[in-house]
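Pasting the sequence and the predicted coordinates here, then a few questions.
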Number of protein chains: 2
Amino acid sequence: MARRGRRSSTRHGQHASNGIAQLPFKQPFNRNAPFEIASAEQINAIHEATLTVLEQTGINFLWDEARSILKQAGAMVEDGSPTVKFNRQFVMDKLKSIPASFTLHARNPEHTMQIGGDAIVVTPVASAPNCSNLDKGRVTGNYEDFSNLIKLAQSLNCIHMVGGYPVEPVDIRPNVRHLDAIAAMLRFTDKTPYCYALGSARIKDGIEMVKIARDIDEAQLLQEPSIITIVNANSPLQYDIPMLKGATEMCARRQPVIFTPFTLAGAMAPITIAGALVQQNAEALAGLVYSQCVNQGAPVVYGSFTSNVDMKTGSPAFGTPEYVKATIISGQLARLYNVPIRASNANASNAPDGQSVYESQMSLWACLLGKINIIQHGAGWLEGGLCASYEKMIIDAEMLQMLYAFLEPVNFDTDELAVDAIATVGAGNHYFQSPHTMTRYQNAFYAPMLSDWSNFENWQDNGSLTTMQRANKIWKTLLADYQAPPFDAERDAKLTQYINARKQAGGVDD
Amino acid sequence: MARRGRRSSTRHGQHASNGIAQLPFKQPFNRNAPFEIASAEQINAIHEATLTVLEQTGINFLWDEARSILKQAGAMVEDGSPTVKFNRQFVMDKLKSIPASFTLHARNPEHTMQIGGDAIVVTPVASAPNCSNLDKGRVTGNYEDFSNLIKLAQSLNCIHMVGGYPVEPVDIRPNVRHLDAIAAMLRFTDKTPYCYALGSARIKDGIEMVKIARDIDEAQLLQEPSIITIVNANSPLQYDIPMLKGATEMCARRQPVIFTPFTLAGAMAPITIAGALVQQNAEALAGLVYSQCVNQGAPVVYGSFTSNVDMKTGSPAFGTPEYVKATIISGQLARLYNVPIRASNANASNAPDGQSVYESQMSLWACLLGKINIIQHGAGWLEGGLCASYEKMIIDAEMLQMLYAFLEPVNFDTDELAVDAIATVGAGNHYFQSPHTMTRYQNAFYAPMLSDWSNFENWQDNGSLTTMQRANKIWKTLLADYQAPPFDAERDAKLTQYINARKQAGGVDD
């Protein structure tokens, strides 16, 4: 069994010694009724159109072994063609075995998370080629920044698992990069790690490494999903060979796969929201069906990433009104199929400024209203994914905490309704010293980490620091105070041994 | 009849010659089902607690004539006491005559708005003592900035009516300030003006001036609400004399009054959300009941302003998780009573930076989810209301436009589902030149006014302008291009005549 880590709520509680007000680590649940912007008939129209696409147009599965698996399961595969077509009933039958929710086991059991239902998990930014902060500007991804951002993800209680490399550590050779990166994830954080589905070898390594870190055998791994990946469709209508190999290895070992089509309306998908959603749904369902053909009951997640492009330049836009609509409707679709769903905290801004914030807020409210289970790129994303920002990670953390606080239900108990307190305080007075106030004031309201509520004069006296500048100070404090989570010395040694052996064997042969 | 102004959609459409992409002027409607975070039982608990407060504790009406009006109508008034108590049935009976919705007539009929139901109207910032922009920093309110901000409110299609003085023009003497300020509202914009309920004389002047501007007589005024005001409770549990005089004059002339309690949880209201809402509800219902005693059927609005204070300093906080919850539940209460509701786009930031944006986004989503009818302080508010910001007005305008675009329903027609287009484009291709794209690309997506979607390199080449800096350029362009709306010369002269006569008579005697 994994050794029990110290309580995050003690390390990073609201009264942390560094003065940074964090909520305790706790999985948020969204118990509100879903917000629906499409009627049942409209959702059914997307569903029926999707089944028509799958039946008549089909999806390309470029790996021949994947086609063999699908053919054997009953899909329509013709020799010599990459295209697989799916009978309507076949699709619906295969979707039935997908678990509506599952547990993702972290090496620190306090960071073990539920995926699906009302549960929410949030990951930090993932897969950015560049990173930036106010001190050094924007630089190409590297191992040092990768490590710093993973450490921040460990330190921030609002982040629940890793969602990929926060920034690509390009200073490590590609054939061994995953070994060092996954080792760093396993050592710098005790939240669930991530491995990339770029062929099967990297997935095999990731799984072996998490088995070492959690000290579990294959039988326990099969019972306990412990590492996660995303498989993107090469939209439109195509899954490529490395992704399919990765998906197959993960599903065979019952580790969760998020099937995410890359359906940017007007570019890789129809320009209409309804059409882009039909294509997203067809590609996602094809992936989900494939997972169940590989291994019935394998845990999988519906990935929603539909947004639009700027029609003037073709560049992707995020956090747009179209993105919000697509995400909310995607939530409705995932509930129709009773599968967990992933979307993103996305924006297209080039700086951690106002635009990055309003686009992210649009994305986050879309996730909340769509009852999204996995909020990928939850903290630190900029430039439509091309940059990981230290400051944006802190700004997002504050926004996430505010939303978690919003999800906590209001208490309507008699004493909370305060009829007696209102009578006692009376007209024209104030509540500052009222007993009703005094017994509650310490925890009555959300205490911000980043917001400055001082008046203008005090704010000015303290240097007129903008949100971005305050965020800069916070990540520096968090990094300065960072402590690696406890890690058993024997496992640590085994991990080193495994990595060295794999490196000596030449790493992955691409 | 008022002369028909030029179409705003032509002046400020998406293809405006100044390159600023605005949506055409159009009232937004929120046809989505309301988002409810309190159960029917919980709403009833607030309602019952409210009636208990009104019946047992009562509300102070400091003006003796108001108490006479209430006594005559059947409320419980004792000689020598400012406190009025309300029998439960009396409250429910009086609320019945409030119109569920009404029309607010602008001097340009294209800017006439519906108040209530699914309709939304948004006002600019109001009543700030200071104003700021990046060029001159923060200064005390004055007539020049007042005028500029009113002109921006006219130029921005996302703003539907005036909600007060955007900034207080303190360089005009208080006893005649309202005359110049209302004249400026009537000349610089053809959207509905606002007058302050500071005694009855200012209200009388405001009403006379709008009658001149619209060229209507008293009979038409009584049929057509043409000017609006807010009456704040002097919380807790009190309405003061000037506000009651103003409310009485407005209701007698059937001009709409928004009754807004100032219930900051922990300061002027109980520290619990439920308790603050009970007090807000008691104060608001007392105001609404009073309005119907003055004039049965007078158009009125339920005002929601409940937020919390920073318990460390006592200063107000806005856009907090508590504000979001209070606003959404206030929406549920207003629907219980079938009256229109007002809330705000509020934030407590000292600069138009990230904090101002995420707090505003929280406020705006609360308004949207609560189905708020009047979004007061919709654009330009900073510092919890102590400053009107030119740049924030533009940032808010972009955020408002995005929300209006979100409220437009998705089209699910067969051709929009794009099953044929998906089959035609096929796997691995793109949609840029597809006929399905080409017939739609010009208006497929929301086109931003402020957001910069260029890639990092182009953004850098263009000067690395942040959101705040781009907003600065936009308001300057809008002001440079500002054209006063057409105004009949005869009415203009009459307005001048009225103002001069009132000034010669000494203005208002405070």
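Everything's here; your move. Numbering: from 1, shown residues only, chains lettered A, B, ... in the order given.

Show me how far stretch A:64-73 is from its chain's centre.
30 Å (Cα atoms, centre = their mean, to the nearest Å).

repeat for stretch A:137-145
So, by Cα atoms, centre = their mean, the centroid of stretch A:137-145 is 21 Å from its chain's centroid.

buried sites along it?
For stretch A:137-145, the buried set under the neighbour-count rule, 16 or more other Cβ atoms under 10 Å in any protein chain shown, comprises A:138, A:141-143, A:145. Where C-beta positions appear, they are placed from N, C-alpha and C, glycine not excepted.

Report the mean confidence score over it.
The predicted model assigns stretch A:137-145 a mean pLDDT of 98.

how about the residues of the stretch 151-300 of chain A near chain B?
With the criterion set to Cβ under 8 Å from any Cβ of the partner chain, the stretch 151-300 of chain A comes near chain B through A:234, A:236-238, A:265-276, A:278-279, A:282.

Mind checking which of those residues land in strands?
Mapping those onto strands (DSSP state E) picks out A:238, A:265.

still on that earlier bit, and which of the buried residues of stretch A:137-145 is nearest to B:Ala286?
A:Arg138 (57.1 Å; Cβ to Cβ).

And the contacts of the helix or strand where the closest one lies?
Using DSSP states H and E, the element containing A:Arg138 is strand A:137-140. Residues outside strand A:137-140 that contact it (Cβ atoms under 8 Å, 6 or more residues apart in numbering or on different chains): A:129-132, A:145, A:170, A:387, B:456.

Dump that strand to PDB, restricted to CA.
Extracted as PDB, the C-alpha positions of strand A:137-140 are listed here (Å, rounded to 0.1, in the frame of the first residue of the first chain):
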ATOM      1  CA  GLY A 137       9.500  36.200 -20.800                       C
ATOM      2  CA  ARG A 138       8.600  33.400 -23.200                       C
ATOM      3  CA  VAL A 139      11.000  30.500 -23.800                       C
ATOM      4  CA  THR A 140      11.000  27.100 -25.400                       C
END
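
Helix or strand next in line after that strand, which one?
Assigned by DSSP H and E, the successor of strand A:137-140 is helix A:143-155.

List the buried residues in that next one.
Under 16+ other Cβ under 10 Å, the buried positions of helix A:143-155 are A:143, A:145-155.

And the contacts of that helix?
A:12, A:123-125, A:131, A:139, A:159, A:162, A:165-169, A:171-172, A:180-181, A:184-185, A:188-191, A:379-380, A:388, A:390, A:393, A:475, A:478-479, A:481-482, A:485.

Return the closest of the buried residues of helix A:143-155 with respect to A:Ile115.
For those, the minimum distance to A:Ile115 (Cβ to Cβ) is 17.6 Å, reached by A:Ala153.

Next, format the contacts of strand A:137-140 as CSV and append secondary structure and distance to B:Gln114.
CSV is the format used below for those (DSSP: H, G, I helix; E, B strand; the rest coil; distance: Cβ to Cβ, whole Å):
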residue, secondary structure, distance to B:Gln114
A:Pro129, coil, 50
A:Asn130, strand, 49
A:Cys131, strand, 49
A:Ser132, strand, 47
A:Asp145, helix, 53
A:Val170, coil, 57
A:Cys387, strand, 44
B:Phe456, helix, 44
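
Need the residues you listed in TSV (columns: distance to A:Glu48).
Shown next, in TSV, are these (distance: Cβ to Cβ, whole Å):
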residue	distance to A:Glu48
A:Pro129	39
A:Asn130	42
A:Cys131	44
A:Ser132	45
A:Asp145	47
A:Val170	45
A:Cys387	40
B:Phe456	42
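
Among those residues, name the buried ones.
By neighbour count, with 16+ other Cβ under 10 Å, those hold A:130-132, A:145, A:387, B:456 as buried.

so which of the contacts of strand A:137-140 comes closest to B:Gln292?
Nearest member of the contacts of strand A:137-140 to B:Gln292, counting by Cβ to Cβ, is A:Cys387, at 57.7 Å.
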